[in-house]
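Trainee: Predicted model follows, preceded by the sequence.
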Amino acid sequence: MKCKKCGQKAAVNMPQHRLALCKEHYLEWIPEQTERFIRKYRMFTYADRVLVAVSGGKDSLSLWDILWRLGYRADGLYIALGIDEGIGYSAESQRLTEQFAAERGLRLHVVDVRAETGKTIPEWAALTLRGREKPCAVCGLVKRHEMNRIARDLGYDVLATGHNLDDEVAVLFGNTLNWAVGYLLRQGPVLEERDGLARKVKPLCRFYEREMTAYALLRGIEYIYEECPFSVGSTSIQYKEWLNQLENERPGTKLSFYLSFLEAKEKGLFARPQEEGELHPCRRCGQPTSAPDLCAYCRMLEKAHPIPAEQVE
Ligand code: Q46
Ligand code: ZN
Ligand code: ZN
């Protein structure tokens, strides 16, 4: 395989784009494409302050690297979840994220869940979930809350996450299997700001996972190879395996599934007005919630410090 631009030996072959590129041209192509997607979906401009949610994995660190190379005003947010079973996942991912930021002189905010809430994610899961349920529901709740809080309190215009095409297609597949119209309506490269919930964007949503792996490796980014230990056996990993089988048979299937979905949405396929419940500020933390009094995050915190029965009347 030869690079389409210079004829040198290709480092990455992308059959779905009928394109092969050498290292140098690949490392140029990825930011060019990212810039194109940022503009196409009107994600943000050079004037905006962008908060990148970084986990220490290849996607989020690559996203931060690309935005930095393109000259955007992008700071990082790392949420220390306290998931240290086995391999010391959280400690190692934090170390790699801090190293990445220091090497480039970038600004990184670190939020420690234990310092904020008194417990780590696995401890919260043990307290609030029954039996052998995975902590992902609690984890997602805390991450969303903290990302929103930091974006709001520190005045960022937009929150960027490193979801790639494989992630988005797995979610789309799951939502389609269930015809979860509410979720389908909200899925896309941009989720607009709503009642004080930060605007969210996914600049990597059109890159295959293997394209992001190739970018991180060719750029020499040190990232955490291990997945979170709780991701093992998740439905989305199962979906990704099935979708990979389809992709192997017919290169480009994932991309066309996703792009056709966006096009259908654009044309109004899911445009039937949905009753979106009113949001109002949570009594304790002030973040928007559809619950009558406390948001789900604050209800979780209450479980650790329940109001004594005699005070409840
Ligand atoms: S939700 Fe679940 Fe992830 Fe949290 S507990 Fe790990 S796998 S990190 S994206
Ligand atoms: Zn080349
Ligand atoms: Zn709250």
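Mentor: Good, I have the coordinates. Ligands and ions are numbered 1, 2, ... in the order given.
Trainee: What's the mean pLDDT across stretch 193-210?
Mentor: For stretch 193-210, mean pLDDT is 94.
Trainee: gap between stretch 204-218 and the chain center?
Mentor: Computed by Cα atoms, centre = their mean, to the nearest Å, the chain-centroid distance of stretch 204-218 equals 14 Å.
Trainee: ok, residues contacting it?
Mentor: Stretch 204-218 has contacts (Cβ atoms under 8 Å, 6 or more residues apart in numbering) with 11-12, 14, 16, 23, 26-27, 30, 33-34, 37, 58-59, 61-63, 66, 162-168, 189, 221, 223, 254-255, 258-259. To be clear about C-beta, it is placed using only N, CA and C from the backbone, and glycine gets the same treatment.
Trainee: Can you turn the buried subset of those into a selection I can paste into ChimeraX?
Mentor: Those of these that count as buried under 16 or more other Cβ atoms under 10 Å are selected in ChimeraX with:
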select :11,12,14,16,23,26,27,30,33,34,37,58,59,61,62,63,66,162,163,164,165,166,167,168,189,221,223,254,255,258
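Trainee: How is the protein divided into domains?
Mentor: 23-273, 275-313 (automatic domain parsing).
Trainee: looking at those domains, which has the lowest confidence?
Mentor: Among those, domain 275-313 scores lowest, with a mean of 79.
Trainee: who in this protein is up against ligand 3?
Mentor: In this structure, the chain approaches ligand 3 at residues 282, 284-285, 295, 298, judged by Cβ under 5 Å from the ion.
Trainee: how does it look with 8 Å?
Mentor: Residues of the chain found near ligand 3 (Cβ under 8 Å from the ion) are 145, 282-287, 289, 294-299.
Trainee: before we move on, back to that, quick one: closest of the domains of the chain to ligand 1.
Mentor: Ranking these by proximity to ligand 1 (Cβ to the nearest ligand atom) places domain 23-273 first, at 3.0 Å.
Trainee: hang on, the earlier thing: narrow the contacts of stretch 204-218 to those in helices?
Mentor: If you go by DSSP state H, the contacts of stretch 204-218 have 23, 26-27, 30, 33-34, 37, 58-59, 61-63, 66, 165-168, 254-255, 258-259 in helices.
Trainee: now do the same end-to-end measure for stretch 16-31.
Mentor: Chord length of stretch 16-31, first to last residue, is 18 Å (Cα to Cα, to the nearest Å).
Trainee: so does that stretch get close to ligand 2?
Mentor: Yes. Counting by Cβ under 8 Å from the ion, ligand 2 is contacted by stretch 16-31 at 21-26.
Trainee: Go through the residues you listed and name the one nearest ligand 3.
Mentor: residue 26 (44.3 Å; Cβ to the ion).
Trainee: list the contacts for that closest one?
Mentor: For residue 26, counting by Cβ under 8 Å, 6+ apart, the contacting residues are 11-12, 214-215, 218.
Trainee: how about 10 Å then?
Mentor: Contacts of residue 26 were listed using Cβ atoms under 10 Å, 6 or more residues apart in numbering, and they are 3, 5, 10-12, 14, 19-20, 211, 214-215, 218-219.
Trainee: And residue 22, by the same measure?
Mentor: 1-12, 218.
Trainee: Give me the subset of those residues that lies in helices.
Mentor: Among those, DSSP H puts residue 218 in helices.
Trainee: Which of the contacts of residue 22 are buried, as a PyMOL select command?
Mentor: The following PyMOL line selects those of those that are buried, judged by 16+ other Cβ under 10 Å:
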select buried, resi 3+5+10+11+12+218
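Trainee: Quick one: neighbours of residue 64, just the number.
Mentor: By other Cβ atoms under 10 Å, 27 other residues sit near residue 64.
Trainee: distance of it from residue 265?
Mentor: From residue 64 across to residue 265, the span is 28 Å (Cβ to Cβ, to the nearest Å).
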